[in-house]
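Trainee: Predicted model and sequence follow; I will ask about them next.
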Amino acid sequence: MHTAGEPVRIIVSGWPSLSGPTLLDKRRDARERHDSLRRMLMEEPRGHPDMYGALLVEPDHPEAHLAVLFMHNEGYSTMCGHAVIALGRYAVDKGLVPATEPETVVNIQCPCGLVRAHVAVSDGRPGSVRFDSVPAFAFARDRLVETRDWGPVMLDIGYGGAFYAVLPADSIGLDVECSSVRDLTDAGEAIALATAEQIRLDHPDSPDLAFLYGTILTDGRDAWEEAPTRNVCIFAGRQVDRSPTGSGVTARLALQHARGLIRPGQQRLFRSVTGQDFTGEVAGETMAGRHRAIIARVGGRAYYTGRAQFDAEPDDPLREGFLLR
C-alpha cells in the first residue's frame with residue numbers, strides 16, 4: 001500500500017514466530033535473530049533504500065485487534081503514522097475487524113503503545129483513516145547543536161511515538177519547497193547524527209523508545225492557520241518520507257501546543273514533498289511521566305499498490321539484500 005506516496009509493505013505470512021511476552025521483546029528478537037529477513041524485504045533487489053515495512057504479529061495488549069512491528073532500510077522504528085493509516089484500512093478490508101458504519105475503530109498495538117485508528121466506512125467500504133496517538137510531548141526546546149557542515153543549529157525535540165529533531169529549513173539557508181531533496185537529505189542526516197551525539201534522550205515508558213529517529217525540516221509556519229504547513233522528514237540515515245509523516249505531525253503538534261500556538265480542536269493541514277496532506281489536531285491533553293503531553297489526531301488516506309510473494313534461493317549471493325545510494 002502507500003499513504004500520500006510513502007510505501008508500506010505489509011508482511012502477512014512467511015516470517016518465523018517471534019519470542020518474548022511483549023511487543024518490544026518481539027522487536028528485539030526480530031532485530032537479533034531475523035534481521036536478514038528485514039534486509040531481504042526492504043533492500044534491493046526486492047526493495048529500495050526508501051522502502052518501508054509492517055510485520056503483523058500477535059498483540060499482547062488486551063484491547064488490541066492486531067500488533068505490528070515497523071521496519072525500514074536501517075532497522076525497526078517504534079511508531080509509523082502512515083503505516084497505521086494503511087493498516088486501519090487493511091484491517092477492515094480483510095475482515096480483521098468487522099466493519100461498522102459510519103466509523104470502525106481498529107486498535108493497533110505499536111511498539112510505542114496502543115494507537116486507535118478510526119476508519120471511515122461507507123456502503124461497507126473503508127475510506128480515510130484518523131488515528132489517536134500515544135501521549136506526545138515536547139522533550140526539549142531551543143537547544144543548540146553543533147554540526148560540522150551547518151554550524152550551530154537551534155532546534156526542538158518532539159516525541160510523537162518516536163523522537164524527532166525539528167527546525168525551520170530557512171534557519172540553515174534551505175527551503176522545503178525549493179531546495180533539492182539531496183540538500184535537505186544531507187542536512188537532515190547531519191543534524192540527526194549531531195543531535196543524537198549531543199542530547200541524551202529518555203522516555204518514561206522504556207529505554208527502548210529513547211532514540212532519535214530523524215530530523216523534520218519545516219517551513220516555519222507553526223502558528224495555527226488554515227493554509228497547509230510543509231515539512232520533510234529525513235530518518236533512518238538518509239531515508240526521505242514521501243508522506244507528511246504521521247508520527248512527525250504528532251511531534252510537531254506537541255511542540256506547537258507546548259508553545260501555545262495551537263489549541264485543542266484546531267485542525268491543521270500538514271503537506272509533504274509529494275504535495276499530499278495529513279490533517280492534524282490536538283484531541284486531548286495528558287501526561288507522559290514528567291512531561292505535559294497531548295493526544296494527537298492525525299488523518300490521511302491509503303491506497304493499494306499490489307500483492308507479491310518473494311523468494312530467496314539458497315545459492316543466491318545477494319539473497320539477503322543490498323543498498324546502493
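Mentor: Looks like it arrived, so ask away.
Trainee: ranges for the helices of the stretch 1-150 of the chain?
Mentor: Assigned by DSSP state H, counting those that start in this stretch, the helices in the stretch 1-150 of the chain fall at 23-33, 35-42, 81-93.
Trainee: and of the ones you listed, who's closest to residue 4?
Mentor: Checking these against residue 4 by Cβ to Cβ gives helix 81-93 as the closest, at 6.6 Å. Every residue, glycine included, has its C-beta placed from N, CA and C.
Trainee: per-residue confidence at residue 325?
Mentor: Residue 325 is assigned a pLDDT of 78 by the prediction.
Trainee: quick one: contacts for it?
Mentor: 49, 238 (Cβ atoms under 8 Å, 6 or more residues apart in numbering).
Trainee: any idea which of the helices of the stretch 1-150 of the chain is most buried?
Mentor: Comparing the helices of the stretch 1-150 of the chain by mean neighbour count (mean count of other Cβ atoms under 10 Å), helix 81-93 ranks first with a mean of 27.
Trainee: Alpha carbons of it, as PDB, please.
Mentor: Provided in PDB are the C-alpha atoms of helix 81-93 (Å, rounded to 0.1, in the frame of the first residue of the first chain):
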ATOM      1  CA  GLY A  81       1.600   7.000  11.300                       C
ATOM      2  CA  HIS A  82       1.400   6.400   7.500                       C
ATOM      3  CA  ALA A  83       1.600   2.700   8.100                       C
ATOM      4  CA  VAL A  84      -1.100   2.900  10.800                       C
ATOM      5  CA  ILE A  85      -3.400   4.700   8.300                       C
ATOM      6  CA  ALA A  86      -2.800   1.900   5.800                       C
ATOM      7  CA  LEU A  87      -3.300  -0.800   8.400                       C
ATOM      8  CA  GLY A  88      -6.600   0.700   9.600                       C
ATOM      9  CA  ARG A  89      -8.000   0.300   6.100                       C
ATOM     10  CA  TYR A  90      -6.300  -3.100   5.600                       C
ATOM     11  CA  ALA A  91      -7.800  -4.400   8.800                       C
ATOM     12  CA  VAL A  92     -11.400  -3.500   7.800                       C
ATOM     13  CA  ASP A  93     -10.900  -4.700   4.200                       C
END
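Trainee: As a markdown table, the helices of the stretch 1-150 of the chain with mean pLDDT would be great.
Mentor: Formatted as a markdown table, the helices of the stretch 1-150 of the chain follow (pLDDT from 0 to 100):
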| stretch | mean pLDDT |
| --- | --- |
| helix 23-33 | 96 |
| helix 35-42 | 97 |
| helix 81-93 | 98 |
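Trainee: Looking at these, spot the one closest to residue 57.
Mentor: Closest of these to residue 57 is helix 23-33, at 5.7 Å (criterion: Cβ to Cβ).
Trainee: could you check the angle helix 35-42 makes with the closest one?
Mentor: Orientation of helix 23-33 against helix 35-42 (axes from the mean of the first three to the mean of the last three Cα atoms, to 10 degrees) gives an angle of 90 degrees.
Trainee: In terms of secondary structure, what does helix 23-33 contact?
Mentor: strand 53-57, strand 66-71, strand 76-77 (3 or more Cβ pairs under 8 Å, 6 or more residues apart in numbering; DSSP states H and E).
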